[in-house]
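> sharing a model prediction with you, sequence too.
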Amino acid sequence: MTLAEPDVSVIIGAYEAMPYLVECLASVEAQSMDPARIEVIAVNDGSRDGTGDCLDEFAARAPMPVTVIHQENSGGPSGPRNVGLAKATGRYVFFLDADDRLGPEALERMVAMADKNGTDVVLGRVEGINRKPPQSMWGKTLDRTDVFSSNIKFTLSAQKLFRRALLERHGMRFDESLWTGEDALFTMEAYLRADGVSVLADYTCYYLVGRTDGKHVTKSGSYTLRFDSARALMELLARMLPPGAKRDVLMVRPFLVTVLPQFGPVFLRNDEEIRRTKMELAKPLMDAYWNEGVAHRLRVHERLRLHLVAQQRPDLLADVIEFIKAKTAPTPVLEKRGTRLYLAYPHFRSKPAGIPDRVYLAEPREAKAYPGWRQGSTESFLRRATRKIRRTLSQRRTTPRSATAA
């Protein structure tokens with residue numbers, strides 16, 4: 001007997017997903033949750049490799065209700081996900097990619113986590129199979145957190161459990177105009193609108209499978225699409241957050257994950273026309289959103305490269321990338337009695353280059369790895385205060401008494 005409202009709707013958008021789809025569907029069928037509490041909505045996005053037949057066969061045998069929708073190819077993952085979301089009736093939705101798979105207890109554990117804590121989004125631990133997954137957010141299970149006080153901003157893929165009422169209340173859908181990064185936009189908005197996020201780090205809920213046929217969307221597409229993705233995410237953050245520390249901490253993500261890789265070793269392999277185009281595409285993003293609040297949250301070599309992009313200096317940038325590519329260690333320059341550390345990457349204190357010293361200044365999290373550096377703020381203040389008191393006492397001892405005091 002099926003429930004009027006399933007606990008979770010599993011939405012699978014599938015395009016040319018064979019043979020990976022077989023194990024994906026098997027992982028849904030093997031869920032420990034009562035099948036009556038699950039519904040599956042699968043959208044065959046114009047596949048011609050047997051994907052549609054595989055979905056139909058699964059619908060005929062699966063212990064849970066399955067809806068299969070066949071449509072012409074939409075050109076990306078957003079369309080199928082939106083179609084599935086429009087059909088969903090579950091309290092929660094989970095977006096499952098057709099080439100990936102679930103851990104056996106994934107849905108049961110994630111739904112229980114959301115119900116226990118009243119949270120709107122649940123992240124289940126991800127492991128990779130022939131593919132590197134995000135890692136920095138799985139340190140420990142968090143019953144309740146948010147995007148500002150955890151590392152969840154570095155996993156913006158759609159493979160999360162979302163409370164459907166949250167998505168419907170805000171009319172949230174995937175942006176079908178984006179060919180890549182559409183899930184980052186959707187997930188970041190959900191994080192910002194959510195009444196709490198849970199992180200389930202002690203059980204592998206999701207297996208991210210690396211395809212060997214080169215059909216992963218994240219591995220394909222023009223570099224121009226990456227700038228489109230970065231711009232869309234930056235604009236979302238600017239709309240939803242006022243200028244300040246909270247916006248800056250989230251702006252780190254598109255700068256670090258989407259923009260900066262375009263100015264790594266691949267930049268050296270690009271011809272002059274592509275280099276010029278990349279600088280042109282980056283300029284409005286740097287002008288609008290790059291600031292000291294974002295910059296000081298990055299490591300020196302990251303900050304330096306983005307500073308040179310902002311200054312439109314591809315000549316100097318190429319020197320820095322060559323230096324990093326060669327794995328040359330920058331010379332540490334300690335000043336202010338060891339409380340200030342500069343990392344002398346190329347063009348440090350070069351008058352012709354004119355790059356400010358602050359660009360090379362290591363923040364404490366990076367500086368602490370270098371012998372001789374020490375935290376200066378509180379200790380220096382106390383030391384200065386002590387010296388001032390000593391000078392005052394010394395002056396009092398050496399000042400002669402006035403004649404009237406005799």
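Alright, I've got the coordinates.

> who touches stretch 84-96?
By CB atoms under 8 Å, 6 or more residues apart in numbering, the surrounding residues in contact with stretch 84-96 are 5-13, 24, 28, 38-39, 41-43, 67, 69, 81, 102, 107, 110-111, 114, 158-165, 167, 173, 183. Every C-beta, even on glycine, is put in place using the N, C-alpha and C of the backbone.

> now list the buried members of those.
With burial judged by 16 or more other CB atoms under 10 Å, the buried subset of those is 6-13, 24, 28, 38-39, 41-43, 67, 69, 81, 102, 107, 110-111, 114, 158-164, 167, 183.

> in helices, which of these fall?
24, 28, 81, 107, 110-111, 114, 164, 167, 183 (DSSP state H).

> what is the nearest of these to Gly139?
Lowest distance from Gly139 to those (CB to CB) belongs to Met110, with 18.2 Å.

> what's the closest non-adjacent residue to Arg305?
Phe263 (5.2 Å; CB to CB, 6 or more residues apart in numbering).

> nope, Gly264 is what I was after
Ile321 (6.6 Å).

> what's the helix or strand for the one you found?
helix 314-325 (DSSP states H and E).

> could you say what helices and strands that helix packs with?
Counting contacts by 3 or more CB pairs under 8 Å, 6 or more residues apart in numbering; DSSP states H and E, helix 314-325 packs against helix 265-269, helix 272-289, helix 300-310.

> got the contact list for the first one?
Think helix 265-269. Contacts for helix 265-269 (CB under 8 Å, 6+ apart): 275, 278, 317-318, 321-322, 325.

> next: stretch 148-159.
Here stretch 148-159 makes contact (CB under 8 Å, 6+ apart) with 77, 81, 94-97, 100, 123, 126, 134, 136-137, 139, 142, 145, 147, 174, 183-184, 186-188, 191, 197, 199, 206, 208, 246, 249-250, 252-253, 257.

> CA atoms of that stretch as CSV?
Extracted C-alpha coordinates of stretch 148-159, given in CSV (Å, rounded to 0.1, in the frame of the first residue of the first chain):
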residue,chain,number,x,y,z
PHE,A,148,28.6,30.3,7.0
SER,A,149,29.8,28.2,9.9
SER,A,150,30.8,25.0,8.0
ASN,A,151,32.5,24.0,4.8
ILE,A,152,29.3,23.0,3.0
LYS,A,153,29.8,25.9,0.5
PHE,A,154,32.4,23.7,-1.2
THR,A,155,29.8,21.0,-2.1
LEU,A,156,27.2,22.6,-4.3
SER,A,157,26.2,19.6,-6.4
ALA,A,158,22.5,18.7,-6.4
GLN,A,159,22.8,15.3,-4.7
